[in-house]
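> With the input below, show me the fold.
(2 chains)
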Amino acid sequence: MTQVTVKRLWKTYGEQVVLENVNLEIGHHEFVTIVGASGCGKTTFLKMLLGIETPSKGQFLIDGEPLPTEPGPDRGIVFQRYSLFPHLRVIDNLLLGLELRGAPFAARLFGARRRQALERADELLEAVGLQGSADKYPRQLSGGMQQRLSIAQSVICEPKILLLDEPFGALDPGITADMHTLILKLWNMKKMTIFMVTHDLQESFELGTRLLVFDKVRLDPQSPEAFGATITYNIPLKGHRETTT
Amino acid sequence: MRRLINQYPTRGASVLLSALPFLVLIAAYLFYSHARLAENPGDKLLPAPSTIAATVHRYAFEEDERSGDYLLWVDTQASLMRLFIALAISASVGLVLGLAIGVLPYVRATLAPFVAALSLIPPLAILPILFIVVGLGELAKITLIIIGVTPIIVRDLSLRAAELPNEQIIKAQTLGASTWQLVLRVFLPQMWPRLIDALRLSLGSAWLFLIAAEAIASTEGLGYRIFLVRRYLAMDVILPYVAWITLLAFAMDWLLRVLRSKAFSWANSGA
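Modelled structure (predicted):
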């Protein structure tokens, strides 16, 4: 069970207030979609979850523990791009997480353990529809295939929380429907909690079990940096929990 | 009429065009050599092709009267040995230091300004120091190349390492990578092709330092020979030696390029 708790959270850079007084309670196996105008702190919020930004004030807890201050295997991430390893073939990109976990020094698996890991990787490769491309390099894949791989690469480590930073923003509109099916399938399969930043409002309603809107409630035209954004809407949605195949 | 920037030579024309400057150079040489020799058969500045051929034959395929060596091969072996040892050491040090500076903020803060300062020292200016400290032997010549080339490789590789997209580094951490694992599986494999690029770029200066060191203190080597025979205005030796050095440098560059594209096909541009 995963619980994310945010209490009176502030994030400031010097004089500039990015987030102010954010309060949030997210339960296990939620699919949280986050929308908001650019510059409204949604990416900052995601970065805090990731561990590459720290809160200025307030509490940010995962399962009652303060957020770690660096990225770790309990929180996976899929960026819009550049999160694949260009020097590794598709199958090795997928194996990487297992190899890093299984072999602290060599960072590679051999023999029976490798075969075991390969089985898991092959299974997931098939689940994301990349079984024919195992021996290709990432740059030989289309944008959509790269994102499928990037998602699979994170999911194979079975993170408690999966963070998606506009993962389908750079894809052709035709592909996104497939990607939605895929992410919902994996979400139900692995029972993780997903936070997804998107600029596509329809997508956020379609996928989420909860929609968060980040916006500024106060604005000082003389000094726009004086007030930060907060969660202005926190809407529970029906979502696709256990309903998709 | 299309714009000049949109006009491309055909494949055959490309080959011809690329050969053209070489042919012009050779033709000009033959012309002036012939003209000078017609005026003064003893002229040494632009020796006739037959003279050069005879000299090359003497240096490459006949034993030297005094030493009994085949001079061209002895010189080539000595120079290449120095060059290879120096480049191997420079590449190893460059890779390790470059990675450390590129990956670890503490090492970067400590060493990056130092290496930047070091790389600005003109290596030839400290050649006298090397001769005083390590003597006139092989060590001085190899050290000069290392001092000249390593800081550049270090700087280049540290920049390349820092250039890797941050997304990749964060992603690897979310897959559980430790610093060591990151270096081993993410940084190092992506640095190999860049190390080859850095080596290729530093080949020119490596040759420069090699020949400079050989010119000053040596008993064999390509650079030594050129500067030795300069006293006798022996252009028939100098010219083929320069051509030979150029050919060697070209071959090394070509080998490195082939190695890069064969061994690291993932890094090739295009599909």
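> Count the neighbours of residue 225 for me.
In the absence of a named chain, this looks at chain A. Neighbours of residue A:225 under the rule other Cβ atoms under 10 Å in any protein chain shown: 13. In this view, the C-beta of every residue, glycine as well, is placed from N, C-alpha and C.
> let's do chain B instead
25.
> For it, give me its contacts.
Neighbour list for residue B:225: B:71, B:75, B:237, B:241 [criterion: Cβ atoms under 8 Å, 6 or more residues apart in numbering or on different chains].
> could I get those as a markdown table with pLDDT?
Below are the contacts of residue B:225 laid out as a markdown table (pLDDT from 0 to 100):
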| residue | pLDDT |
| --- | --- |
| B:71 | 90 |
| B:75 | 93 |
| B:237 | 92 |
| B:241 | 94 |
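> Restricted to buried residues, select these in PyMOL.
Applying 16 or more other Cβ atoms under 10 Å in any protein chain shown to these, the buried members can be selected in PyMOL as follows:
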select buried, chain B and resi 71+75+237+241
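> how much space between the residue most central in space within chain A and residue A:231?
Nearest to the geometric centre of chain A sits residue A:163, at 1.3 Å (Cα atoms, centre = their mean). Here the criterion is Cβ to Cβ, to the nearest Å. By it, residue A:163 lies 17 Å from residue A:231.
> who's in contact with residue A:88?
With Cβ under 8 Å, 6+ apart, residue A:88 has these contacts: A:96, A:137-138, B:189, B:266.
> Pull up the per-residue confidence for it.
pLDDT recorded at residue A:88 is 94.
> gap between it and residue B:189?
Residue A:88 is 8 Å from residue B:189, where distance means Cβ to Cβ.
> for residue A:106, same thing?
14 Å.
> now residue A:194, what's its secondary structure?
strand (DSSP: H, G, I helix; E, B strand; the rest coil).
> Run a quick neighbour tally on it.
For residue A:194, the neighbour count with other Cβ under 10 Å is 24.
> what sits against it?
Contacts of residue A:194 (Cβ under 8 Å, 6+ apart): A:30-32, A:161-164, A:183, A:187.
> Low-confidence regions, the stretch 151-271 of chain B specifically.
Residues of the stretch 151-271 of chain B meeting the criterion pLDDT under 70: B:269-271.
> Then chain A?
For chain A, the ranges with pLDDT under 70 are A:1, A:240-245.
> now with 80?
A:1-2, A:39, A:223-226, A:238-245 (pLDDT under 80).
> ok, residue A:106 and residue B:189, which is more surrounded?
Counted by other Cβ under 10 Å, residue A:106 and residue B:189 do not tie: residue B:189 has more neighbours, with 17 against 12.
> in what helix or strand does the more buried one lie?
Taking DSSP states H and E as the definition, one finds residue B:189 inside helix B:188-216.
> is chain A contacted by that helix?
Yes. If you take Cβ under 8 Å from any Cβ of the partner chain as the test, helix B:188-216 does meet chain A, through B:189-190.
> Looks like residue A:30 contacts residue A:207 (just checking).
No. Between residue A:30 and residue A:207 there is no contact, the gap being 11.3 Å when judged by Cβ atoms under 8 Å.
> Tell me the secondary structure at residue 81.
By default, I'm working from chain A. Strictly by three-state DSSP, residue A:81 counts as coil.
> do you know how far the closest residue to it other than its chain neighbours is from residue B:179?
In space, and not counting its chain neighbours, residue A:81 is closest to residue A:170: 6.1 Å by Cβ to Cβ, 6 or more residues apart in numbering or on different chains. For residue A:170, the distance to residue B:179 equals 30 Å [Cβ to Cβ].
> ok, which residues in chain A are in contact with chain B?
Residues of chain A lying near chain B (Cβ under 8 Å from any Cβ): A:50, A:52, A:70-73, A:75-77, A:79, A:81-88, A:96-97, A:99-101, A:104-108, A:137, A:139-140, A:150, A:153-154, A:157, A:159.
> Which of the residues you listed fall in strands?
A:75-77 (DSSP state E).
> out of the residues you listed, who's nearest residue A:124?
Nearest to residue A:124 among those, counting by Cβ to Cβ, is residue A:76 at 12.9 Å.
> Could you chop chain A up by domain?
Residue ranges for the domains of chain A, per automatic domain parsing: A:1-74+A:159-245, A:85-157.
> nearest to residue B:13, of these?
Nearest to residue B:13, of all those, is domain A:85-157, at 32.6 Å by Cβ to Cβ.
> so how far is the closest one off the chain centroid?
Centroid displacement of domain A:85-157 relative to its chain, using Cα atoms, centre = their mean, to the nearest Å, is 18 Å.
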